[in-house]
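In: Need coordinates for the following:
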Amino acid sequence: MELPIILFCISLIFWWFIIKPYVYSKSRKLPPGPTGIPIVGSLLELGSKPNQSLAELAKIYGPLMTLKLGSVTTIIASSPETAKEILQKHDKTFSARTVPHVVASQPNLEATLAWAPADNMWRNKRKICNTQLFTNQRLDSLQELRHQKAEQLVSHIRKLCESGSAVDIGHVAFAMTLNLISNTIFSIDMVDPEFETAQEFKDLVWTINEDAGKPNLSDYFPVLRWLDLQGVKRHITPAYLRLHEIFEQEIEKRLESRSNSGMKKKEDFLDVLLDECEDEGSGFDRKTIKPLILDLFIAGSDTSAITTEWAMAELLRKPQELNKVRQEIIEQIGSERLVKESDIDKLPYLQAVVKETLRLHPAVPLLVPRKALSDTEMFGYTLPKNSQVFVNVWSMGRDPKYWEKPLEFLPERFIKSSVDYKGRDFEYIPFGAGRRICPGMPLAIRMVNLMLASIVQPFNWKLPKGMAPENLDTVEQYGLTLRKAIPLVAIPSMEENYKVMF
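Out: Numbers count the residues shown, from 1 in each chain. This is a model prediction of the structure:
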C-alpha cells in the first residue's frame, strides 16, 4: 500500500517541478536567464547578497531576466528601461505583491499598507496617510517636533563627547527616528533621553526586516509552507506580536482619554485613525489600524537610520567631503544655533550627499516584490501571470551606462543635476515609482537631511584609533533593507565656539 503512494508522490513532484515548468516555458517566450537545476532552479545562485548576485547575472543575461527559484517564476528588472515598463507603463498589472512567508505571519496582513493588494481599502489607507501625514502642510506643522528630537540627539552625542565615548551612529539615528515617528503617531517618546530603551524596538524591527530578506524554502516551494521547514515563521511571530502588544497598549490609553469628556484630543495620527474607526463605513477598527501603524514604524525608523549611517560612513571614508558638508553649514548657518529644517534649502551639498548615499546604498535594494496579475508582453517576452517581480535599484544605481565612476562616492554629481528620487528618473528610484512608490518619501528626506546636518554641524568626527578612513568597510548585510554589516562607530569632539548652543 505504501509503494503506490510513494510512486504517486514522486510522479507529482516530477510533474510539478520539471515537466510542467518545461512545457510552460516552451509555450511562453520568457526573458532569458540561467537554466538552473531540477527542483531548486537557480536558488543556489542567489547567495547571501541577492542584490549583488542578480546584478552579476544581469551582465550575462540582460536587464530583463527570468530565474526559476524553486517552483516560483521570478522576473528581475535591472535597467531604467525595464523598470519604467513595469512601474509606469504596466503599473496596474504589477501593483500586487508577492508576500514572503515571514511577512504573512503577522496579524491582519490584509490591513497593511506595504503588502495588501491595491484595492479600495488600500487606496483609502494610502489617501489618509498622504493627506494626514505626508502633505507639505502637515509636515511643516510638525517641524518643531523634528527640531526638538534633533536637539535631543545632539545633546546625547555631546554627553558622549564629554566622556570621551564613541558613538554608534546607526543606534542613535534609529532612536531619533523612532521618537519622531512615535510622537507623530502617539504623541509620546518611545525611547528615553539616553536612548537606552531603543534596543528592544531596534531588535524587533531588524528581526522582521532580516527574516523577510532571507532565502526561505516556504517562499520558493509554497506547497511546503505549512511545514515551516526553516522555522522562520516560528522565529518572527513573537516580534510581530510584541509590536502589536505595544501598539494595543497605546490605543487603549488613548481610548480611555477620549472617553473622558474633559480631555482634549491630541490631534495626532492615532486620533485620525480612531476617528476613522468610529465611521462604520470606513473599514477601520482596532485590529486593522495596528498593521498600518506597524508599517509606518518599520519603514520609517529602519530605512532613515540606515541611510544616515551609510551617509556618515561614506563621509568618514572621505574626510574632505565631510569637511565640505561642515563648512557649508558653518558658512550658511553659523555656530550659534542648530540647523533647522528651513535651512536645508541653503545646503545643496548636504542634499547632494544624501542623494548620493541613496544611489549607492538604497535602503530597499530590490524594492518590495511585485506580482504580475496577468500575462504581460514586454520587449518581445512574456512575463507570466503570478510571477514575482523584483526591480534591482541597487544595480541600477551602480551601472556605468548611466553613472560616471559609479562605484565612487561623488556628491558633486547631483549639484547641477536634474535627476531626482521622486519616481520620474528611472535610473534613480530608491523609493520606487508608480502607484506603490513609498508614501513616506517626503518625511524620510526631511528626517535624513536634518539628522545628518545636526550631527555634522557641532562635532568633529574621527574614526577609532588605528582605523584609517580608506580601511573603513562598506560591507552590506542583506535583508528586506540593506544595512551596514559592521555598525559604524565614530568619536566626536566639539570646538569651544559650539558650546554656546547648549
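In: mind showing which ranges of the stretch 1-150 of the chain have poor pLDDT?
Out: For the stretch 1-150 of the chain, applying pLDDT under 70 flags the ranges 1-28.
In: tell me the helices in it, going along the chain?
Out: 2-14, 20-27, 50-61, 80-84, 120-132, 136-141, 143-163 (DSSP state H, counting those that start in this stretch).
In: Give me whichever of the ones you listed is most buried.
Out: helix 80-84 (a mean of 20; mean count of other CB atoms under 10 Å). Glycine gets a C-beta too; all of them are placed from N, C-alpha and C.
In: Give me the contact list for that helix.
Out: 63-64, 77, 378-379, 391, 393, 396, 402, 425-427, 429, 433 (CB atoms under 8 Å, 6 or more residues apart in numbering).
In: Then stretch 203-222?
Out: By CB under 8 Å, 6+ apart, the list of residues contacting stretch 203-222 from outside reads 40-41, 43, 46, 50, 69-72, 100-103, 224-225, 227-230, 232-233, 235-236, 239-240, 242-243, 297-298, 301-302, 477-481, 483.
In: And it, what's buried?
Out: Neighbour counts over stretch 203-222 (16 or more other CB atoms under 10 Å) mark 204-221 as buried.
In: surely G70 meets L43?
Out: Yes: under the criterion of CB atoms under 8 Å, G70 makes contact with L43 at 6.1 Å.
In: Settle it for me: which of these two has more neighbours?
Out: G70 (22 against 19; other CB atoms under 10 Å).
In: Next up, the contacts around the more buried one.
Out: F17, I39, V40, G41, L43, L217, D219, Y220, F221.
In: Once you drop chain neighbours, what's closest to it?
Out: What sits nearest to G70 in space, not counting adjacent residues and going by CB to CB, 6 or more residues apart in numbering, is Y220, at 2.8 Å.
In: State the distance from that neighbour to L46.
Out: Y220 sits 10 Å away from L46, going by CB to CB, to the nearest Å.
In: returning to that earlier point: any chance of the contacts of G70 in TSV, with distance to C161 too?
Out: Listed next are the contacts of G70 as TSV, based on distance: CB to CB, whole Å:
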residue	distance to C161
F17	59
I39	57
V40	52
G41	53
L43	48
L217	48
D219	45
Y220	49
F221	52
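In: between Y220 and L46, what contacts are shared?
Out: When contacts are counted by CB under 8 Å, 6+ apart, Y220 and L46 are jointly contacted by L69.
In: Can you check the pLDDT for L480?
Out: pLDDT, L480: 84.
In: my read: it touches V364, true?
Out: Yes: with contact defined as CB under 8 Å, L480 counts as touching V364 (6.6 Å).
In: of those two, who's got more company?
Out: Using other CB under 10 Å, the more surrounded residue of L480 and V364 is L480, with 27 against 24.
In: What's the separation between the more buried one and I37?
Out: 27 Å.
In: Check E162 too.
Out: On the measure of CB to CB, E162 and I37 end up 59 Å apart.
In: and stretch 220-232, which residues are buried?
Out: Across stretch 220-232, burial judged by 16+ other CB under 10 Å covers Y220, F221, D228, Q230, V232.
In: Check stretch 73-91 too.
Out: Of the residues in stretch 73-91, 73-80, 82-87, 90-91 count as buried by neighbour count, 16+ other CB under 10 Å.
In: Show me which pair in the residues you listed is furthest apart.
Out: T73 and P80 (23.2 Å; CB to CB).
In: hmm, who's touching the helix or strand encompassing V354?
Out: Using DSSP states H and E, V354 maps to helix 348-360. With CB under 8 Å, 6+ apart as the contact definition, helix 348-360 has outside contacts at 307, 310-311, 314-315, 321, 324-325, 328-329, 344, 397-398, 403, 407, 409-415, 420-421, 428, 430, 445, 448-449, 452-453, 456.
In: Tell me the buried residues within the residues you listed.
Out: When the contacts of helix 348-360 are checked for burial by 16+ other CB under 10 Å, the buried set is 307, 310-311, 314-315, 321, 324-325, 328-329, 344, 397-398, 403, 409-411, 413-414, 421, 428, 430, 445, 448-449, 452-453, 456.
In: Restricted to helices, list those.
Out: The helices, defined by DSSP state H, take in 307, 310-311, 314-315, 321, 324-325, 328-329, 445, 448-449, 452-453, 456 from the buried ones among the contacts of helix 348-360.
In: for these, which one is nearest E470?
Out: Among these, E314 lies closest to E470 (CB to CB), at 12.3 Å.
In: So that closest one sits against Q320, correct?
Out: No: the pair E314 / Q320 is not scored as a contact, 11.9 Å apart, by CB under 8 Å.
In: picking up where we left off before, nearest approach to M467 belongs to which of the helices of the stretch 1-150 of the chain?
Out: M467 lies closest to helix 143-163 among the helices of the stretch 1-150 of the chain, at 17.9 Å (CB to CB).
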